[in-house]
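>>> Provided below for reference: sequence and predicted model.
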Amino acid sequence: MRRSVRHLLALLAAAAAAAVAMPAAAGAETQAGGATAARHDDDSFGGNYYEDDGSSDYYDDGGSSEYDDYEDVSDPSSTGGQQPSGTTRAPAAPAQPVTPVIPITPTIPTGPPVAYVSGKVAQLQSNGKAAIPRGAPQSVRRMISAGNRLIGKPYKWGGGHAKLEDKGYDCSGSVSYALIGGSALVSPMVSGGLAKWGAAGPGRWVTVYANAGHVYMEVAGLRLDTSPIGDASQNKGPRWRPVIGKRSGFKVRHPVGL
């Protein structure tokens, strides 16, 4: 009798457990079926899934889909240069005119009145300045006038390069200052640059002698130089001095046309 009761209780417990398990299994099967359906819907595009360590899915469209025919209307080349119908392109902004850049030659301030002499040769005066020959071209006369502004200033290494109007000048700063005064140069150059500047050979009115370490110039019969070589006065700094022509190791250049 007791065995029959225990057997009956065991059967009832098993039946109760089965009743609880059946809804859970049905729910799991429903979720699995939904995922399978969703997976099937996505597969209808003809692609494949790739698993990334089980955490997410990446879809490969298989190389073609209904979206492959989409054209990017922002790129006119995709429509042969024609704007697709139904869209409006904003009018292009008018092109702005390009203003050419014209180098401006610095203006040398006008100095005190200077003496003029007839003919084509400048003459050295007692005050160290040069009398300007009336027969010289206008640009040459302006060079001599600019050179006169330097007389009396001391030698200063790098002078005349950082700023055109300086307290002192070195050799290339002095020559550059005179060339700028005659509109033959736009900005100061070092002696090595002047050795390659302009045209080769001596000029009719102006000749520049330059190498990597020094430069001087001769204008209408006078020499503008910071070196006192060949000058009995032995004054230093930028000065008008007697011409000496070409020294060994110097390149000979001149402004085109002069």
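Thanks, I have the structure now. Numbers count the residues shown, from 1 in each chain.
>>> Only C-alpha atoms from now on, for both contacts and neighbour counts.
Noted.
>>> Contacts only, for the nearest residue to Val117 once chain neighbours are set aside.
Using C-alpha to C-alpha, 6 or more residues apart in numbering and skipping the chain neighbours, the partner closest in space to Val117 is Pro133 (4.8 Å). Residues in contact with Pro133 (C-alpha atoms under 8 Å, 6 or more residues apart in numbering) are Tyr116, Val117, Ser118, Gly119, Lys120, Val121, Ala122, Gln123, Arg141, Ala220.
>>> Please type out the PyMOL selection for whichever of those turn out to be buried.
With 16 or more other C-alpha atoms under 10 Å as the criterion, this PyMOL line picks the buried residues out of those:
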select buried, resi 121+122+123+141+220
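>>> and the contacts of Pro133, which of them are in strands?
Among the contacts of Pro133, the members falling in strands (DSSP state E) are Tyr116, Val117, Gln123.
>>> closest to Gly245 among the residues you listed?
Gly245 lies nearest to Gln123 out of these, by C-alpha to C-alpha, at 17.0 Å.
>>> Show me the beta-bridge partners of that closest one.
Applying DSSP bridges to Gln123 gives these bridge partners: Ala131.
>>> Let me know whether it touches Ile132 as I believe.
Yes: between Gln123 and Ile132 a contact is recorded at 7.2 Å, counting by C-alpha atoms under 8 Å.
>>> Overlap of the contact sets of the two?
Contact criterion C-alpha under 8 Å, 6+ apart; residues shared by Gln123 and Ile132: Val117.
>>> so what secondary structure elements neighbour the strand or helix carrying Val252?
Take DSSP states H and E as the rule and Val252 turns out to sit in strand 251-254. Contacts defined by 3 or more C-alpha pairs under 8 Å, 6 or more residues apart in numbering; DSSP states H and E place strand 251-254 against strand 199-200, strand 206-210.
>>> ranking those strands by burial, who's on top?
Greatest average neighbour count among the helices and strands packed on strand 251-254 goes to strand 206-210 (a mean of 26), per mean count of other C-alpha atoms under 10 Å.
>>> Show me the domain layout of the protein.
Domain segmentation of the chain under automatic domain parsing yields 1-40, 116-254.
>>> check contacts around the closest residue to Arg247 other than its chain neighbours.
Counting by C-alpha to C-alpha, 6+ apart, Arg247 lies nearest to Tyr209, which is 7.9 Å off, once chain neighbours are set aside. By C-alpha under 8 Å, 6+ apart, Tyr209 lies in contact with Ala195, Val215, Tyr216, Met217, Lys246, Arg247, Phe250, Lys251, Val252, Arg253.
>>> again, 7 Å this time
Val215, Tyr216, Met217, Lys246, Phe250, Lys251, Val252, Arg253 (C-alpha atoms under 7 Å, 6 or more residues apart in numbering).
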